[in-house]
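Engineer: Sequence first, predicted model second:
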Amino acid sequence: QTIRDLESYMPHFVSVTYGAGGSTRDLTHGLVERIQHTTKLDPIPHLTCVCHNEEEIQAILLRYAKSAIGNILALGGDRPAGIAYDKSRESFQHAIDLVKFIRRFNESGAHPERRGFGIGVAGFPEGHPATPNRLVEMDNFKAKVDAGADYVVTQLFFDNRDFFDFRERCALSQIHVPIIAGIMPITSITGCKRMAELAGGTRFPATLLRALQHCQNNPEMVRRVGIQYALEQSHDLLDNDVAGIHFYTLNRSDATRIIFDSLGIPRHPNTPVSTV
């Protein structure tokens, strides 16, 4: 339903998440292929490398290539909590290893498109949770991009200064691929906390916290405050030449539609209704 609601705005892509350790592999594949074949949208599947060996990743890439999927978001990923797995089967330690593997896949000519998959990687405006030293983190990030990334999609953030600082540090490190900002409209306190936990911790500016505290017992006001805050973030990013904005919808369309309309993003009335 979310895809149907947003399709008429013709976003440049729709990202599809991948469960910890590949726990949603078949569901992810099925949804990606349905978007590809029944809508005008470009799906970008997330692909995580933990708990996978090279043979499994090769099979996943071949399936996506056969379906003419054009892009992959290459991620490290999280190990599934409370589930035993065989660490000896892992072929990849970090996202950079997956980027290199996809690049080799592209060079093999296995994808129907000559360029192969476009490769996206994650960026961390607030810093990578596993690398507290920001200088070391940027060295690692540059190595990941240089390994073959075509663009960056950042984790969510609520303070645009973090994004602008991250973008400037990338430029100083001679990282020149497009950096797409990750924005999440807050629609509930519970959803906000859950997404922040999944992102490895997120900083909340005092102005946002104060506004949310004033209305925390009024769900509708929380939603209005969250949407307005994301709209102001979006205006500021666009005014400062952001390469693009990736909205974390959490499978809900209302907040994003309101932001699109407020930003003046046109709808395409002749877009056929998808069957996803």
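Structural biologist: Sure, I can see it. Numbers count the residues shown, from 1 in each chain.
Engineer: where do the strands sit along this structure?
Structural biologist: 14-16, 43-48, 71-75, 118-123, 151-156, 179-183, 245-247 (DSSP state E).
Engineer: Render the CA-only coordinates of stretch 106-115 in CSV, please.
Structural biologist: In CSV, the C-alpha atoms belonging to stretch 106-115 read as follows (Å, rounded to 0.1, in the frame of the first residue of the first chain):
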residue,chain,number,x,y,z
ASN,A,106,30.2,-6.7,-12.4
GLU,A,107,33.5,-7.2,-14.1
SER,A,108,32.6,-10.8,-14.8
GLY,A,109,29.9,-9.7,-17.2
ALA,A,110,27.2,-11.7,-15.3
HIS,A,111,24.8,-8.8,-15.2
PRO,A,112,22.8,-8.1,-18.4
GLU,A,113,23.7,-4.4,-18.2
ARG,A,114,27.3,-3.6,-19.2
ARG,A,115,28.0,-1.6,-16.1
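Engineer: which residue packs closest to Tyr248, ignoring adjacent ones?
Structural biologist: Met184 (4.0 Å; CB to CB, 6 or more residues apart in numbering). No exception for glycine: its C-beta is placed from N, CA and C like everyone else's.
Engineer: right, and Cys192 touches Ile186 too?
Structural biologist: Yes. Shown here, Cys192 and Ile186 form a contact pair, counting by CB atoms under 8 Å, at 4.7 Å.
Engineer: Mind listing the shared neighbours of these two?
Structural biologist: Both Cys192 and Ile186 are contacted by Leu212, Gly226, under the criterion CB atoms under 8 Å, 6 or more residues apart in numbering.
Engineer: out of the strands of the chain, nearest to Thr2?
Structural biologist: Shortest distance between Thr2 and the strands of the chain, using CB to CB, is found for strand 14-16: 9.0 Å.
Engineer: got a list of what Asp150 touches?
Structural biologist: Gly118, Ile119, Gly120, Val177.
Engineer: just to revisit the earlier point, share the number of residues neighbouring the residue nearest to Tyr248, please.
Structural biologist: For Met184, the count of nearby residues is 25 (other CB atoms under 10 Å).
Engineer: what does the one 10 residues further on give?
Structural biologist: Burial measure for Arg194: 12 neighbouring residues, criterion other CB under 10 Å.
Engineer: who does the closest residue to Ala149 other than its chain neighbours bridge with?
Structural biologist: Once flanking residues are discounted, Ala149 sits nearest to Val121: 4.3 Å by CB to CB, 6+ apart. On the basis of DSSP bridges, Val121 is bridged to Ala74, Val152.
Engineer: Mind jotting down where the helices sit in the stretch 101-250 of the chain?
Structural biologist: 134-146, 160-172, 189-198, 206-214, 219-239 (DSSP state H, counting those that start in this stretch).
Engineer: before we move on, back to that, redo the strands of the chain as a markdown table? Include mean neighbour count, distance to Arg167 and mean pLDDT.
Structural biologist: Output for those, formatted as a markdown table (neighbours: other CB atoms under 10 Å; distance: least, CB to CB, whole Å; pLDDT from 0 to 100):
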| stretch | mean neighbour count | distance to Arg167 | mean pLDDT |
| --- | --- | --- | --- |
| strand 14-16 | 22 | 20 | 94 |
| strand 43-48 | 24 | 21 | 95 |
| strand 71-75 | 24 | 19 | 97 |
| strand 118-123 | 23 | 9 | 98 |
| strand 151-156 | 22 | 9 | 96 |
| strand 179-183 | 23 | 6 | 97 |
| strand 245-247 | 21 | 13 | 96 |
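Engineer: Among those, which comes closest to Phe141?
Structural biologist: Of all those, strand 118-123 comes closest under CB to CB, at 7.0 Å.
Engineer: pLDDT score for the closest residue to Glu107 other than its chain neighbours?
Structural biologist: Distances taken as CB to CB, 6+ apart put Gly116 closest to Glu107, at 7.3 Å, once the chain neighbours are dropped. At Gly116, the predicted lDDT confidence score is 98.
Engineer: Thanks again, I'm all set now.
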